[in-house]
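Novice: sharing a sequence plus its predicted fold:
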Amino acid sequence: MNRRNLLIALALSALYASVPSYGAEPEVVKIGFAGPLTGPVARVGKDLQYGAQLALDEENAKHPVIDGKPVKYVLDVQDDQGDPRVAIQVAQKLVDDGVVGVIGHYNSGCSIPASAVYHNANVAMITPGSTNPALTQQGFVNVFRTMGNDGIGGVIAGRFAVEQLKAKRIGIIDDRTAFGQGLADAFQKGAKEAGGNIVDREFTNDKAVDFRAILTSLKEKNVDMIFFGGLDEQGALLVKQMRSLGLQARLFGAGALKSNAFLQVAGTAGEGTRDLEPGPALDKLPSAQAFAKRYKARFNQDVELYAPFAYDAALAMVKAVQNANSLDRAKIVASLPKVTVTGVTGAIAFDPHGDLVKPPYTLFEVQQGQWKSQRTVGGAGS
């Protein structure tokens, strides 16, 4: 090759090097997902997984580029079994896998210990389902969530039970998990602030299926409302056993009863059950209805519970990566507090603790075998 041709070749090489290689094989960018994919709430875990996956599918369809290079987002899926000990192991595996961020976990009892693993590795974590206030009170700058916490929602529920639902004699049952107990504590606080009468507080565990002894005790105390701090299938069994014992008190929950599983298990006994859920009235929100159609087309099943919140968590994570224009974990963590996106559930922005700014909560009631939204409090318009 003569000198002239050599100079031309070098110039072309420099030119090609300066242009993004859109035709090149994209670099794989792993985003972790951790949730209960086996066990009693596996259907909720899969629902969350699918919500996050749909967001990444749609982002990949836009041919994303980071730092001038094409990338492809891949969901690294891990099963924490809803067990805090397994959650710690799963968190370490995701860190070792090289994920740039994590969507998860679902159970607060898993998210709290796992968050310390992510914090030590400087990995961003956005939970779409853990609502215990303690999660974001640890001082970890890498921890965020896309729904309101129970420190707000539980208190709202307690006040609502007294002021709006006119409950006179309230019994409380919780499942002694980080979620259930924390929620019941917040509900009790709100009810007392409103001048409510808590006549008894009982507890069970998250594996129990027989609540008749507890319910018999509450029936003897003549309660007219029972608040349950726990998950949907247990709540469904609880309301069925209430009816079988002739206990006509209303069942009220916050943040976990509103699901297809509750309706299926509770049957006609569930009629009139109320639940204050974090988030807007998704059954009336056009963005949620459009999401539900895309979700059904992609996974051939209906949204179970919190898939929209996982979708929004994944959107926020991708936005943080894009804003950082880097796959460096520290830069992504630093980018997240400034993220603002409009997701399925509305505006996503975080306060200095990593909690959602102005989170909405919606009261739902079972009417004719379906959950129907009644009223939304809080939110961006408040």
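Specialist: In hand now; what should we look at? Here the structure is a predicted model, which means the values were calculated and not measured. Numbering: from 1, shown residues only.
Novice: would you map the strands across the stretch 251-382 of the chain?
Specialist: For the stretch 251-382 of the chain, applying DSSP state E, counting those that start in this stretch gives strands covering 274-278, 340-343, 346-349, 360-367, 370-378.
Novice: between those, which gets nearest to residue 299?
Specialist: Comparing these by their distance to residue 299 (C-beta to C-beta), the top pick is strand 340-343, with 18.3 Å. Backbone N, C-alpha and C define where each C-beta goes, glycine included.
Novice: now the element after the lowest-mean-pLDDT helix or strand in the chain, going C-ward?
Specialist: Here the helix or strand of the chain ranked lowest by mean pLDDT, DSSP states H and E is helix 3-18, holding a mean of 46. Later in the chain than helix 3-18, the nearest helix or strand by DSSP states H and E is strand 27-35.
Novice: ok now the longest strand anywhere in the chain, how far from the chain's centre?
Specialist: Ranked by number of residues, the top strand in the chain under DSSP state E is strand 69-79. In terms of C-alpha atoms, centre = their mean, to the nearest Å, the centre of strand 69-79 is found 19 Å from the chain centre.
Novice: point out where the protein drops to low pLDDT.
Specialist: Flagging of the chain using pLDDT under 70 yields the residue ranges 1-23, 380-382.
Novice: break it down into its structural domains.
Specialist: The chain breaks down by automatic domain parsing into domains covering 27-148+284-350, 151-278+362-378.
Novice: mind putting these into JSON lines with mean neighbour count and distance to residue 356?
Specialist: JSON lines is the format used below for those (neighbours: other C-beta atoms under 10 Å; distance: least, C-beta to C-beta, whole Å):
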{"stretch": "domain 27-148+284-350", "mean neighbour count": "21", "distance to residue 356": "6"}
{"stretch": "domain 151-278+362-378", "mean neighbour count": "20", "distance to residue 356": "8"}
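Novice: three-state assignment of residue 223?
Specialist: Here residue 223 is recorded as coil under DSSP: H, G, I helix; E, B strand; the rest coil.
Novice: got a list of what residue 237 touches?
Specialist: By C-beta atoms under 8 Å, 6 or more residues apart in numbering, the residues touching residue 237 are 209, 211, 265.
Novice: looking at those, which is nearest residue 90?
Specialist: Distance to residue 90, by C-beta to C-beta, is smallest for residue 209 among those, at 27.0 Å.
Novice: which ones are touching that closest one?
Specialist: Taking C-beta under 8 Å, 6+ apart as the contact definition, residue 209 lies against 234, 237.
Novice: could you dump the contacts of residue 237 into JSON lines and include distance to residue 96?
Specialist: Shown next, in JSON lines, are the contacts of residue 237 (distance: C-beta to C-beta, whole Å):
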{"residue": "209", "distance to residue 96": "38"}
{"residue": "211", "distance to residue 96": "42"}
{"residue": "265", "distance to residue 96": "39"}
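Novice: next one: stretch 358-374 to chain centre, how far?
Specialist: So, by C-alpha atoms, centre = their mean, the centroid of stretch 358-374 is 17 Å from its chain's centroid.
Novice: ends of that stretch, what's the gap?
Specialist: Stretch 358-374 has an end-to-end distance of 19 Å (C-alpha to C-alpha, to the nearest Å).
Novice: for stretch 90-107, same thing?
Specialist: Stretch 90-107 has an end-to-end distance of 14 Å (C-alpha to C-alpha).
Novice: and it, how far out from the chain's middle?
Specialist: For stretch 90-107, the distance to the chain centre is 15 Å (C-alpha atoms, centre = their mean).
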